[in-house]
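J.: Sequence plus predicted model, see below.
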Amino acid sequence: MLNVGQIEEGFVLDHIKAGMSLEIYHQLQLDKLDCTVAIIKNARSNKMGKKDILKVECDINTLNLDILGFIDHNITVNVIKDGNIVDKMALHLPKEIKGIIKCHNPRCITSIEQELPNIFTLADADKKVYRCKYCEEKYSPSTNKL
């Protein structure tokens, strides 16, 4: 049996789709933080069959909930203080995402003006479709990657 120690203060990302923990680790830039991170891949789950878990021992304010909600809004965020869960945060698809995905339209102003941030707004929540704020180029997780 695998035993990963409890954390005293930080957060646990639970119910991550199996195999997605490393992508989330990089997207949240956890590799740039000086804190303890435990990545548990393919853990048994009654609810999901298999799941990944991330345990991060640092301040919850370092977590970008918009990135996490964009990647998978079904992830559970457990906030840990003094070794106990003090809060469970529900995620949602963000209305607007900035700097997470890039517009692939070569005629978009973001292709020409490099310092202009890529901003996408939620166009269809059911299909998880986002559109570029500047040119309306469609981004869909089923057809595009991060």
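T.: Ah, there it is. Numbers count the residues shown, from 1 in each chain.
J.: C-alpha from now on. contacts and neighbour counts both.
T.: Fine.
J.: Show me the shaky parts of this protein.
T.: Across the chain, the ranges flagged by pLDDT under 70 are 1-4, 142-146.
J.: Pick out the residue closest to the middle of it.
T.: Centroid-nearest residue in the chain: Leu68, 2.2 Å away (criterion: CA atoms, centre = their mean).
J.: Only the C-alpha atoms, please, for stretch 31-42, written as PDB.
T.: C-alpha atoms of stretch 31-42 as PDB (Å, rounded to 0.1, in the frame of the first residue of the first chain):
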ATOM      1  CA  ASP A  31       7.900  23.600 -10.800                       C
ATOM      2  CA  LYS A  32       8.800  27.200 -10.200                       C
ATOM      3  CA  LEU A  33       7.700  27.200  -6.500                       C
ATOM      4  CA  ASP A  34      10.000  26.200  -3.700                       C
ATOM      5  CA  CYS A  35       7.600  23.900  -1.900                       C
ATOM      6  CA  THR A  36       6.800  20.200  -1.400                       C
ATOM      7  CA  VAL A  37       4.600  18.700  -4.200                       C
ATOM      8  CA  ALA A  38       3.400  15.100  -4.300                       C
ATOM      9  CA  ILE A  39       2.000  13.700  -7.600                       C
ATOM     10  CA  ILE A  40       0.000  10.600  -7.300                       C
ATOM     11  CA  LYS A  41      -0.900   9.000 -10.600                       C
ATOM     12  CA  ASN A  42      -3.500   6.300 -11.300                       C
END
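J.: all helices for the protein, in order.
T.: Assignment of helices within the chain using DSSP state H yields the ranges 21-27, 65-71, 109-112.
J.: if I look at Lys41, how far off is Ser111?
T.: 37 Å (CA to CA, to the nearest Å).
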